[in-house]
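Undergrad: pasted the sequence and its predicted model underneath.
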Amino acid sequence: MTNFSHKLRLSSTLLRRLQQRVTAANSDKFRSFTTTEGHRPTIVHKRSLDILHDPWFNKGTAFSTTERDRLNLRGLLPPNIMSPEQQVDRFMADLKRLQVNARDGPSDPNALAKWRILNRLHDRNETMYYKVLIGNIEEYAPIVYTPTVGLVCQNYSGLFRRPRGMYFSAEDRGEMMSMVYNWPSDEVDMIVVTDGSRILGLGDLGVQGIGIAIGKLDLYVAAAGINPQRVLPVMIDVGTNNEKLLADPLYLGLQQHRLEGDEYIAVIDEFMKAVFTRWPNVIVQFEDFQSKWAFKLLQRYRNTYRMFNDDVQGTAGVAIAGLLGAVRAQGRPMIDFPKMKIVVAGAGSAGIGVLNSARKTMARMLGNTEIAFESARSQFWVVDAHGLITEAREDIDPDARPFARKVKEIDRQGLREGASLVEVVRQVKPDVLLGLSAVGGLFSQEVLEALKGSTSTRPAIFAMSNPTTNAECTPEEAYSIVGDNIIFASGSPFKNVDLGDGRIGHCNQGNNMYLFPGIGLGTLLSGSRNISDGMLQAAAECLAAYMTEEEVQNGIIYPPISSIRDITKEVAAAVIKEAREEGLAEGYREMDSRELHKLNDVQFLKTQLHAFSLLNVHTDTVVFG
């Protein structure tokens, strides 16, 4: 080929490319936008996540409001618009922190370093990420979920690299219905949403709380087999009351105090209407909303939308399963549960959720009458930051009022309004000491010494607060002070305790991950239009019955995390069965409600497994089998 013909062919190729660009730019099929590259304009044909995942065009949090609207980016980035200089400052602050940690020792926890590595893998190869997570679930569940996710949320502004999920803010009022269409997936099965107001036991972390929604959905994929292309983590940013974040120039969220009252409700209402308009069959899990909103929003939406609150209902279910397991471990039948004396430390959304669920469980075992319901109330003593809650207290939280002790009752017991936790434990001599306070070390040596006077032959200690630093006590403290013959459970993972002579003090992790993936999956496959108390109760009872008698007698009341996929299948089956019996099941995909009602339990489980394979069109790494 001559040089002339070679040049001619290059010119023809170049001309053809230029013509293609002009045609694309003039076509109605493509929306083109102009950005600046140095001093030259650049035509951008991409939109939405395609831009954010393209290193040539992505500016991250520096995209202006106008650019976000023009490029369909609204809601795909944290709401605080940062200058390039602020972005550099944020990166350098994180880099310097790593340099200091490398020089001065492991002050940056090993778990957070593992999270960084996993997150980078997730960014570049999602299939491999979930294969690693599923194959090593026991090791990595504590990294992508509790307790490490709490540390991630605290540092999220510095850790943020690539957006994952959507952000709806107070500044987006009136725009949410259009914003939901910026998300590229036409089908979404699961949404986990938070407003960041009460992340674990760490308080108000604002927009940084989206880390908890991301972690929960990772477990929906790993444990329940949900297609990762059909999950959506969401942050609703209505501001923050965390003064440290409000003063931090590198904070990614709205730097204003939280909306309250009707303004707050209006934002959540608009969000719910928007997501259910685009995805009418989606399930929304509310996560880490502060107590004053958790119950109100649950009651506001639960009969209208497919939603549940994991802190109120999921925590309650896991606690009930553990309490029923403790009854079995004491050598008693589960029907004896209504006889247990339970002291509860903590009256937030998790504590009240457990109390309501435990009371309903007891009442049902006693015949489900008004008398049974009242009798069940008398089995609980609730202690909050101000001490024992009684009817003598002024301004009792309405959600805690049903559990306030009557003055005559506490007089007979030698107690008073506001009595300390140690006083209550000493006088009541409970079968169970249940911690949902988010106060690390609350079960002090004095409190645990008082529990030694329990009338139970095998008292149970539930230190359920997350993350690990907020656990009410450690298993070592519990076993060394109260004695070897106890039942111990916690919300975060602890290692078993060596009691000597070959004996093991088991540290049961009562984590919500045993239930919420199965609740979500069971609801999805049943096609139930709402999530009833009966479905939640069926999930809890399924988990309680999962352990063998031998395991329970050895003090094991929760299964190992390694069996989470099998547990999820069992829980989902129980949820679907209950939905079917309550007449709530409407079927899923090609199976309608009539076919679902014809199934016996064996067919039922097989159908469920078949449905798993239908869900996992994304990759074979998340298929059960």
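TA: On my side now, so go ahead. For clarity, every value in this text was computed on a predicted model and none was experimentally measured.
Undergrad: buried ones in stretch 506-523?
TA: Of the residues in stretch 506-523, those buried under the neighbour-count criterion (16 or more other CB atoms under 10 Å) are 506-523. C-beta: built from backbone N, CA, C; applies to glycine.
Undergrad: ditto for stretch 351-369
TA: Those would be 351-366, for stretch 351-369 by 16+ other CB under 10 Å.
Undergrad: from those, pick the one nearest residue 338.
TA: Nearest to residue 338 among those, counting by CB to CB, is residue 362 at 4.1 Å.
Undergrad: now for that closest one: which residues touch it?
TA: Taking CB atoms under 8 Å, 6 or more residues apart in numbering as the definition of contact, the neighbours of residue 362 are 337, 338, 372, 375, 376, 379.
Undergrad: where's the dip in pLDDT among those?
TA: In terms of pLDDT, the lowest of the contacts of residue 362 is residue 375, showing 90.
Undergrad: now that one, what's its secondary structure?
TA: helix (DSSP: H, G, I helix; E, B strand; the rest coil).
Undergrad: tell me, how many residues neighbour it?
TA: Taking other CB atoms under 10 Å as the criterion, the count of residues near residue 375 is 16.
Undergrad: show me what contacts it?
TA: 338, 362, 363, 366.
Undergrad: could you identify the most distant pair in those residues?
TA: Based on CB to CB, the longest span within those runs between 338 and 363 and measures 7.9 Å.
Undergrad: what sits in contact with each of these two?
TA: Common neighbours of residue 338 and residue 363, counting by CB under 8 Å, 6+ apart, are 372, 375, 376.
Undergrad: Throw those residues into TSV and include distance to residue 383, thanks.
TA: Formatted as TSV, those follow (distance: CB to CB, whole Å):
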residue	distance to residue 383
372	25
375	21
376	19
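Undergrad: from those, pick the one nearest residue 249.
TA: Proximity of those to residue 249, judged by CB to CB, is greatest for residue 376, which lies at 52.3 Å.
Undergrad: mind listing what that closest one touches?
TA: 338, 358, 359, 360, 362, 363, 366.
Undergrad: for the first one, which non-adjacent residue is spatially closest?
TA: The reference is to residue 338. With CB to CB, 6 or more residues apart in numbering as the criterion, residue 338 has its nearest non-adjacent residue at 4.1 Å, and that residue is residue 362.
Undergrad: if I look at that neighbour, how far off is residue 185?
TA: From residue 362 across to residue 185, the span is 43 Å (CB to CB, to the nearest Å).
Undergrad: over to residue 414?
TA: Plainly put, residue 414 is 60 Å away from residue 185 if you go by CB to CB.
Undergrad: which of those two has more neighbours?
TA: When residue 414 is set against residue 185 and neighbours are counted by other CB under 10 Å, the residue ahead is residue 185, at 14 against 11.
Undergrad: tell me who's in contact with the more buried one.
TA: Taking CB under 8 Å, 6+ apart as the contact definition, residue 185 lies against 229, 230, 232.
Undergrad: can you rerun that using 10 Å?
TA: Counting by CB atoms under 10 Å, 6 or more residues apart in numbering, residue 185 touches 49, 227, 229, 230, 231, 232, 278, 279.
Undergrad: what does residue 68 give?
TA: Applying CB under 10 Å, 6+ apart to residue 68 gives the contacts 74, 75, 76, 77, 79, 81, 179, 182.
Undergrad: got the residue ranges for the strands in the stretch 151-300 of the chain?
TA: 166-169, 190-194, 231-237, 283-286 (DSSP state E, counting those that start in this stretch).
Undergrad: adding mean pLDDT, write those out as JSON lines.
TA: What follows is these, written out as JSON lines (pLDDT from 0 to 100):
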{"stretch": "strand 166-169", "mean pLDDT": "97"}
{"stretch": "strand 190-194", "mean pLDDT": "98"}
{"stretch": "strand 231-237", "mean pLDDT": "97"}
{"stretch": "strand 283-286", "mean pLDDT": "98"}
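Undergrad: nearest to residue 119, of those strands?
TA: Minimum separation from residue 119 across the strands of the stretch 151-300 of the chain (CB to CB) falls at strand 231-237, 13.2 Å.
Undergrad: which secondary structure elements does the closest one contact?
TA: strand 166-169, strand 190-194, helix 210-224, helix 261-278, strand 283-286 (3 or more CB pairs under 10 Å, 6 or more residues apart in numbering; DSSP states H and E).
Undergrad: just put these in CSV and tack on mean neighbour count and distance to residue 437.
TA: Shown next, in CSV, are the helices and strands packed on strand 231-237 (neighbours: other CB atoms under 10 Å; distance: least, CB to CB, whole Å):
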stretch, mean neighbour count, distance to residue 437
strand 166-169, 25, 31
strand 190-194, 26, 21
helix 210-224, 27, 19
helix 261-278, 17, 26
strand 283-286, 25, 21
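Undergrad: make TSV from the ones you listed and add distance to residue 389 to it.
TA: TSV is the format used below for these (distance: least, CB to CB, whole Å):
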stretch	distance to residue 389
strand 166-169	36
strand 190-194	28
helix 210-224	28
helix 261-278	26
strand 283-286	25
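Undergrad: of all these, which lies closest to residue 157?
TA: Proximity to residue 157, assessed across the helices and strands packed on strand 231-237 by CB to CB, is greatest for helix 210-224 (10.6 Å).
Undergrad: I figured residue 228 hits residue 127, correct?
TA: Yes: counting by CB atoms under 10 Å, residue 127 is a contact partner of residue 228 at 8.8 Å.
Undergrad: ok, the nearest residue to residue 162 once chain neighbours are set aside to residue 218 distance?
TA: If you skip the residues right next to it in sequence, residue 162 has residue 123 as its closest partner in space, 5.2 Å away by CB to CB, 6+ apart. Distance from residue 123 to residue 218, counting by CB to CB: 13 Å.
Undergrad: which neighbours do these two have in common?
TA: residue 129.
Undergrad: tell me the spacing between residue 458 and residue 277.
TA: 52 Å.
Undergrad: hmm, residue 384 is touching residue 355, no?
TA: No: Residue 384 sits out of contact with residue 355 when judged by CB under 10 Å, with a separation of 11.7 Å.
Undergrad: alpha carbons only: can I get stretch 281-300 in CSV?
TA: Output of stretch 281-300 as CSV, limited to C-alpha atoms (Å, rounded to 0.1, in the frame of the first residue of the first chain):
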residue,chain,number,x,y,z
ASN,A,281,-43.8,-4.1,44.0
VAL,A,282,-40.7,-2.9,45.8
ILE,A,283,-40.1,-3.6,49.5
VAL,A,284,-38.8,-0.7,51.6
GLN,A,285,-36.9,-1.5,54.8
PHE,A,286,-36.5,1.5,57.2
GLU,A,287,-33.2,1.6,59.0
ASP,A,288,-31.8,3.6,61.9
PHE,A,289,-34.5,6.3,62.2
GLN,A,290,-34.5,7.9,65.6
SER,A,291,-37.2,6.6,68.0
LYS,A,292,-39.6,9.6,67.7
TRP,A,293,-40.0,8.9,64.0
ALA,A,294,-39.5,5.2,63.8
PHE,A,295,-42.9,4.2,65.3
LYS,A,296,-44.8,7.1,63.7
LEU,A,297,-43.5,6.3,60.2
LEU,A,298,-44.1,2.6,60.7
GLN,A,299,-47.7,3.2,61.7
ARG,A,300,-48.2,5.7,58.9
